[in-house]
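Participant: only geometry, no sequence info:
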């Protein structure tokens with residue numbers, strides 16, 4: 001079984017705190033904070049942005065793998081994930097995720113591309129982890 005690790009650290013309190021995330025190999029590091037949620041003029045990546053980044057990357061890789069398995073050669077796949085938070089049980093809760101992907105793929109018809117994009121949405125590992133999210137939308141655009 002493959003195993004990967006990531007480390008997340010949060011420092012101080014919620015409002016004035018900050019954190020770091022890094023992958024097991026130390027190659028990707030991201031800083032994040034809740035400052036933007038409180039209307040303060042500080043830059044930082046909050047947890048929903050980290051969820052979105054992970055989901056966009058995972059979806060793009062999974063769609064690429066499905067396309068290649070179906071004998072299509074993707075030139076590019078670009079995905080933006082937007083995570084919407086709401087209140088549930090007294091705390092923040094992911095209520096909706098919108099995936100918007102654009103791909104350039106030679107020789108594929110839009111109907112087949114849509115089918116593979118929906119399969120990727122349903123089966124990429126992060127989509128499965130986020131299956132409890134009440135609404136997960138996908139807009140898939142095939143560039144001509």
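Facilitator: Received it, and whenever you're ready, just let me know what you need. Nothing here was measured: the structure is a model prediction, and the numbers come from that model.
Participant: next, name the residue at the spatial heart of this structure.
Facilitator: In the chain, the residue lying closest to the centroid (C-alpha atoms, centre = their mean) is residue 55, at 1.8 Å.
Participant: for it, which three-state class applies?
Facilitator: Classification of residue 55 by DSSP: H, G, I helix; E, B strand; the rest coil places it in helix.
Participant: please name the residues that touch it.
Facilitator: 81, 83, 97, 99, 124, 126, 127, 130 (C-beta atoms under 8 Å, 6 or more residues apart in numbering). The C-beta positions use only the backbone N, C-alpha and C, and glycine is treated the same way.
Participant: how close does it sit to residue 100?
Facilitator: According to C-beta to C-beta, to the nearest Å, residue 55 stands 11 Å off from residue 100.
Participant: shared neighbours of these two, anything?
Facilitator: With C-beta under 8 Å, 6+ apart as the test, residue 55 and residue 100 both reach residue 81.
Participant: can you give me the helices in the chain?
Facilitator: Using DSSP state H, the helices of the chain run over 47-69, 110-123, 125-129.
Participant: right, and those - which one's nearest residue 21?
Facilitator: helix 47-69 (6.4 Å; C-beta to C-beta).
Participant: buried stuff in the closest one?
Facilitator: 47-56, 58-60, 62-64, 66-67 (16 or more other C-beta atoms under 10 Å).
Participant: for that helix, give the mean pLDDT please.
Facilitator: Mean pLDDT, helix 47-69: 89.
Participant: same question for stretch 92-107.
Facilitator: Averaged across stretch 92-107, pLDDT comes to 90.
Participant: can you point out the buried residues in that stretch?
Facilitator: Within stretch 92-107, the residues that count as buried by 16+ other C-beta under 10 Å are 94, 97, 99, 101, 103, 105.
Participant: identify the bridge partners of the third one.
Facilitator: In other words, residue 99. Here residue 99 sits in beta bridges with residue 81, residue 138, going by DSSP bridges.
Participant: residue 143 versus that one, what's the distance?
Facilitator: Applying C-beta to C-beta to residue 99 and residue 143 gives a distance of 16 Å.
Participant: same question for the last one.
Facilitator: Computed as C-beta to C-beta, the residue 105 to residue 143 distance reads 8 Å.
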